Each structure stands twice: as C-alpha cells, then as structure tokens.
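*Asks:* got a predicted structure plus its sequence, pasted below:
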Amino acid sequence: FYSATPRRCPPRAEEEFDIALIQLHIARIGELIEGVQKLIDTYMYIVSWENPKITGSSAIIFVVLVLGYNLEYLGALPVGSLVLYMMFLGYLRVNGRFKDRWTLKEKKLLIKSETEIEKNQSIFRPVGLLQVG
C-alpha cells in the first residue's frame, strides 16, 4: 500500500446500463418469491383440514416430536435446513444442472405460449367472397 514509488491503478471501465441484466435479476427475485409462496401454500394446505388424513397425521407427528424428543435445539432447525439446501445446490452445481433450475420455468412458459399460438392459427386461410354492387 505504501512504497517509495506508488503506481496508480487504471480507471475502472464504465459499465453500461443493461436492461436485460436488470430484468434477469428481477425474474430471479420473482422466482424466489414464488418458491416461498408455494412453501406457504403447502403449509396452509397441511394445517387447513382440507385433507383430514394429512392434517391429522401431521398433528400426530408434531405431538410425538414434542413429547418424545428434547426440542430445546429447535432453533438450529432453520440453520440446519439452510445448510442442507446449500449442499443440495452445491451438488446441482457440481453436476452442471444449476442453470437448468433457472431456465426450466422459462422453457415451460415458452412451450406453452408456442402451443397457444399454434392453436390460434390454422394452416389454411379462410376464404371470403366480396361482391361489389
């Protein structure tokens, strides 16, 4: 940092304002929010008694866990879940399937929009007659 002959660093190159990059970040954030919303919807389905078998079995599992185990370490559950999730993402990254998670939804939406376009368009043009009187 300090020397008898300091060198100046070259100036940083100006970054261009890229709309596509911002849209990509917004899409990723939207995907994360959608995942959290699905998790909340699943939890609400489990505890809502829509399906009494699922709700009853989850209640029984909860009671067994509370009565049978020492739950003073329950605060470590979110951290442990996060570590397991990060290990899963690392596994996907090592196997080269990390990008597939982000592109799969866009691929499905593209296929769906293409099939809707094919439904709305036909191969043959309609024939009409024009009579001038």
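*Replies:* Received it, and whenever you're ready, just let me know what you need.
*Asks:* now the residue nearest in space to the middle of the chain: how far from residue 24?
*Replies:* Centroid check for the chain by C-alpha atoms, centre = their mean gives residue 31 as the closest residue, at 3.6 Å. For residue 31, the distance to residue 24 equals 11 Å [C-beta to C-beta, to the nearest Å]. Where C-beta positions appear, they are placed from N, C-alpha and C, glycine not excepted.
*Asks:* pLDDT on the biggest helix by length in the chain, on average?
*Replies:* Across the chain, the longest stretch assigned as helix under DSSP state H is helix 19-47. Looking at helix 19-47 alone, the average pLDDT works out to 90.
*Asks:* tell me the first helix or strand C-terminal of that helix.
*Replies:* For helix 19-47, the following helix or strand on the C-terminal side (DSSP states H and E) is helix 52-68.
*Asks:* other SSEs contacting that following helix?
*Replies:* Applying 3 or more C-beta pairs under 8 Å, 6 or more residues apart in numbering; DSSP states H and E, one finds that helix 52-68 contacts helix 19-47.
*Asks:* what are the buried residues along the helix it packs on?
*Replies:* Within helix 19-47, no residue is scored as buried using 16 or more other C-beta atoms under 10 Å.
*Asks:* thank you, goodbye.
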